[in-house]
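> A structural model of the following input is requested.
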Amino acid sequence: MKVLRWTGVGLLLAFVFAGSVRGAERLAPAPEWMPGGALLAIEVTGADDVLDLIISDEMIDTIASMPGMQAAKRIEISDEVKKPTGLRELKQAVAFYQGRTGTDWKTAVDKLFGGGATLAVYPDESVLLVVDSLDAKLLEETRDFFTLIAKGEAEKVGDGERISSGEYRGVTGWTFGPKEAHAVIGNRLVLTNDVERLKSVVDLREDGGSSLAAQAEFKTAKQAAGPDADVVVMVNMAMLNQHPPVQQALAGTENPFGSLLLAGVAESLRSSNVVTVGLDVSAGEVTVDIVADGEAQSEDSTLAFAQVEDSGALPNLKVPGFLAGFSFYRDLHGFYAAKDELFPERTSQLIFFENMMGIFFSGRDLTDEVLAETEPEIRFLVTQQQYDQKIGTPKTQIPAFALVARLKDPEKFSVVVEEAWQKAIGLVNFTRGQNAEPGLIIDRPTHGETQFTVARFAAPKVEERTDADVRFNFNPAVAMPDGYLILSSTEGLARDLIDAVSAEASETLAGIEDVHSLVELDGANLASILKINREQLIRNNMVEEGHTRSQAEIAIDTLLAIVSRIGEAKFEISDHSGATRARFVMELKLADGG
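Next up, the predicted model:
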């Protein structure tokens, strides 16, 4: 086994599992021992919740069931000569540790990392991690364990002198190499990649001074995250924004689509002093709250098109087979009217888009005569498909998707939309005809009280309905019930949405207060559609990543296993009290423990 590997594992575990003090000798809070001026700081304050999730039987069984772990077990079992493998080395190290300390590994994790942890990263690239243990004796035994391994590895390469210790102001420090130094002070472990940082901890302990606890950005982050956060992350944006790479990354994008989706986010980060991330773990659910204290936009901003006024983004429409929903509050007219300020040098894609829209909408002004006819609530849905038996099932199954908007004057504008849609279908047919491919046939069916337009490919022969051509994933439709505009990739989804918006129209329509962007995901349905396309995903992985089939199968099956463990997930962005806020909530569906 390699000493650096186990040192890295120890550092990672210390960062992930640490939490609030539940006993042990009381010391000054760790941030008071750590120098101020940090670029990034992470404080884990809720060990009970984090540990209950990370080392639960359900999580362990879930990880053990992952394809990569199963493959490693098969290799280990079938390896007759018992050559070293990562899994075998890990098991040997754990067994050695448990025998030496007389403690099972789960108890050791709880005692070693249950007392609190704070990580800080500084502008000079030094990193400092302070971990409080609940058991000072076990912490000392664990340090001795890693020292023993490190010495053995150093002697193997004839470099025993790299393992050394020294004393500074009454504290004994150790180093396993030029980029690692640590000390145990009571029940507290201090780890760093810079000996001078270790000395600064001792100096603050003895003399006091400018500490992380007193750093204004850290205090702001603690307040913004609130007392219930299990993990608090502080990002010093005022300092980061002085670095050219960060400035370039947050500069205005030339991509109109990116600007439309992420309206205000980059502007908020550019003007922020602190970005706070608060993480809360409870009962199989993870919640992440992000707060950027910069002003996202103002009334005279070019980004006012995403400014929520009386309401906000509408709730996503839920239909059968729901995979994902995206809901945005975007004034498309205001967005395109500001294009000269947003994109002073228009891209070729934008010019092409304008030319095509001029064809479809018969020369109407895109800003004032087309986009001005839409309300600011825009929704996009992705769903599983149910295939018609008369068509068959395509070999590659593509989810259905649809755009849903509301029209300001549907009586006047519905005819304009219908004409534009039929022109688009005509262009598709013309292009396919040039390639001697089948075209789409337009029909006008009725669903409920709504007549809509759909374009279908002629049904294939009976013998062609197994592994049908990919084109049968599409039979595009346009519908405009109750003042809504539905542009769907399939007739089935269009019918479901006609029902959904008709029900919505009969109720009082209200957006989500202050929220301008909402994304929702159904993990179970997403895993189902990925599983259906498993073979295609494996082939793509082999081509794109250069993997063998066995490697590709493990990679794709691992992806499927991870997605299948996600229940419902939701992400929303809002502007409130002069700050940009985002919340991500994800339900975890772990394996049954046992």
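
> for the stretch 151-300 of the chain, which segments count as helices?
Ranges of helices in the stretch 151-300 of the chain, per DSSP state H, counting those that start in this stretch, are 195-207, 216-225, 237-240, 244-249, 256-261, 265-270.

> cool, and the stretch 351-500 of the chain?
According to DSSP H, counting those that start in this stretch, the helices that the stretch 351-500 of the chain contains are 410-434, 491-505.

> who touches the longest one?
In other words, helix 410-434. With C-beta atoms under 8 Å, 6 or more residues apart in numbering as the test, helix 410-434 has contacts from 359-362, 364, 370, 373, 407, 438-440, 442, 453, 455, 476, 478, 480, 483, 485, 487. C-beta: built from backbone N, CA, C; applies to glycine.

> show me which of those residues are buried.
360-361, 370, 373, 407, 439-440, 453, 455, 476, 478, 480, 483, 485, 487 (16 or more other C-beta atoms under 10 Å).

> weakest of the helices of the stretch 151-300 of the chain in terms of mean pLDDT?
Confidence, taken as mean pLDDT, is least for helix 256-261 of the helices of the stretch 151-300 of the chain (a mean of 76).

> show me the domain layout of this structure.
Per automatic domain parsing, the structural domains of the chain span 3-210, 290-588.

> what about Thr220, distance to Gly102?
Going from Thr220 to Gly102 by C-beta to C-beta, to the nearest Å gives 45 Å.

> now swap in Pro410 and tell me
Using C-beta to C-beta, one obtains 76 Å as the distance from Pro410 to Gly102.

> which one of these two is surrounded by more residues?
Neighbours per residue, other C-beta atoms under 10 Å: of Pro410 and Gly102, the larger number sits with Pro410, 17 against 9.

> just the pLDDT for the more buried one.
92.

> again, but for Phe457
In this model, Phe457 carries a pLDDT of 94.

> ok, it - how many residues close by?
The burial count assigned to Phe457 is 18, neighbours taken as other C-beta under 10 Å.

> for it, list each beta-bridge partner.
Note on Phe457: beta-bridge partners by DSSP bridges are Leu440.

> wait, it sits on Ile441?
Yes: with contact defined as C-beta atoms under 8 Å, Phe457 counts as touching Ile441 (7.5 Å).

> identify each buried residue in whichever helix or strand Ser528 is part of, please.
Taking DSSP states H and E as the criterion, Ser528 maps to helix 523-532. By neighbour count on 16+ other C-beta under 10 Å, the buried set for helix 523-532 is Gly523, Asn525, Leu526, Ala527, Ser528, Ile529.

> got these as JSON lines, with pLDDT columns?
Below are the buried residues of helix 523-532 laid out as JSON lines (pLDDT from 0 to 100):
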{"residue": "Gly523", "pLDDT": "92"}
{"residue": "Asn525", "pLDDT": "92"}
{"residue": "Leu526", "pLDDT": "92"}
{"residue": "Ala527", "pLDDT": "92"}
{"residue": "Ser528", "pLDDT": "91"}
{"residue": "Ile529", "pLDDT": "91"}
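
> re the thing from before, wait, which of the helices of the stretch 151-300 of the chain is closest to Pro35?
Proximity to Pro35, assessed across the helices of the stretch 151-300 of the chain by C-beta to C-beta, is greatest for helix 195-207 (5.1 Å).

> and stretch 123-140, how far out from the chain's middle?
Relative to its chain's centre, stretch 123-140 lies at 28 Å (C-alpha atoms, centre = their mean, to the nearest Å).

> apologies, that question was intended for stretch 536-548.
Put simply, stretch 536-548 sits 24 Å off its chain's centre (C-alpha atoms, centre = their mean).

> with stretch 384-400 instead?
Mean C-alpha position of stretch 384-400 versus that of the full chain (C-alpha atoms, centre = their mean) differs by 29 Å.

> out of the domains of the chain, flag the one nearest Ala263.
Set against Ala263 and scored by C-beta to C-beta, the domains of the chain come closest in domain 290-588, at 3.6 Å.
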